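**Student:** Next input, structure requested:
(2 chains)
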Amino acid sequence: DGGITQSPKYLFRKEGQNVTLSCEQNLNHDAMYWYRQDPGQGLRLIYYSQIVNDFQKGDIAEGYSVSREKKESFPLTVTSAQKNPTAFYLCATEGPTNYGYTFGSGTRLTVV
Amino acid sequence: SQQGEEDPQALSIQEGENATMNCSYKTSINNLQWYRQNSGRGLVHLILIRSNEREKHSGRLRVTLDTSKKSSSLLITASRAADTASYFCATAPIRFSGGYNKLIFGAGTRLAVHP
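**Tutor:** This is a model prediction of the structure:
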């Protein structure tokens, strides 16, 4: 069953804590993306990776970090430097045939 | 940076009616895509229209693209309560070299279809 798995679905972070959101895919897609969505708003690009061991900053990368050690995995770390991390985080992939993105079901992060 | 702007922000209709959503963008594009998002879920790709295409159909969906006006519309015909969701347009700016699309999403249109 091909797709993207994001975990956890819900995550609570304390002030000053780093947390890591998982994104795993078995679609064999090269390109992977992380977006942030705030209530009632569109998606803003945090980081993207077009190939293993390479990634690029998006529009709102400050306070976030990523790695791409395997094709299947693109974890996102929300660091303590991100002052307003409460949001819905979406991971997506794109295959080479240019038929749009495939999205995971998202992780809702809340600061407590 | 937001490129696509959907209009209206919210739309409320009765079952059986048609729903039309519009999207405007600013820069030249390779293609434009429409996505649907149910509350609290990920986005689902609906349809992609390339810059050299003017109209595309998929089931009850009809998408038009006017590159001279930098605008697109999504028409859902004979709407159903299950169509209730947010709909986003996303643009893929023209790439100067090979590579993958870095989509830019608009803020979306919230569609409510009442039984």
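
**Student:** Now the element after the host helix or strand of residue A:90, going C-ward?
**Tutor:** When secondary structure is defined using DSSP states H and E, the element that contains residue A:90 is strand A:87-94. With elements assigned by DSSP H and E, the helix or strand that comes after strand A:87-94 is strand A:102-103.

**Student:** Name every strand pairing with that next one and say which way it goes.
**Tutor:** With DSSP bridges as the test, strand A:102-103 is paired with strand A:87-94 (antiparallel).

**Student:** quick check: mean pLDDT across the strand it pairs with?
**Tutor:** Strand A:87-94 shows a mean pLDDT of 96 in the predicted model.

**Student:** Next, the buried residues of that strand.
**Tutor:** A:87, A:88, A:89, A:90, A:91, A:92, A:93, A:94 (16 or more other CB atoms under 10 Å in any protein chain shown). (Glycine included, C-beta is placed from N, CA and C.)

**Student:** returning to what we had before: now do the strand holding residue A:90: distance to the chain's middle.
**Tutor:** When C-alpha coordinates are averaged (CA atoms, centre = their mean, to the nearest Å), strand A:87-94 and its chain have centres 5 Å apart.

**Student:** Bridged to residue B:64, which residues?
**Tutor:** Residues found in beta-bridge contact with residue B:64 (criterion: DSSP bridges) are residue B:55, residue B:73.

**Student:** Pull the contacting residues for it.
**Tutor:** Residue B:64 sits next to B:49, B:54, B:55, B:72, B:73, B:75 when contact means CB atoms under 8 Å, 6 or more residues apart in numbering or on different chains.
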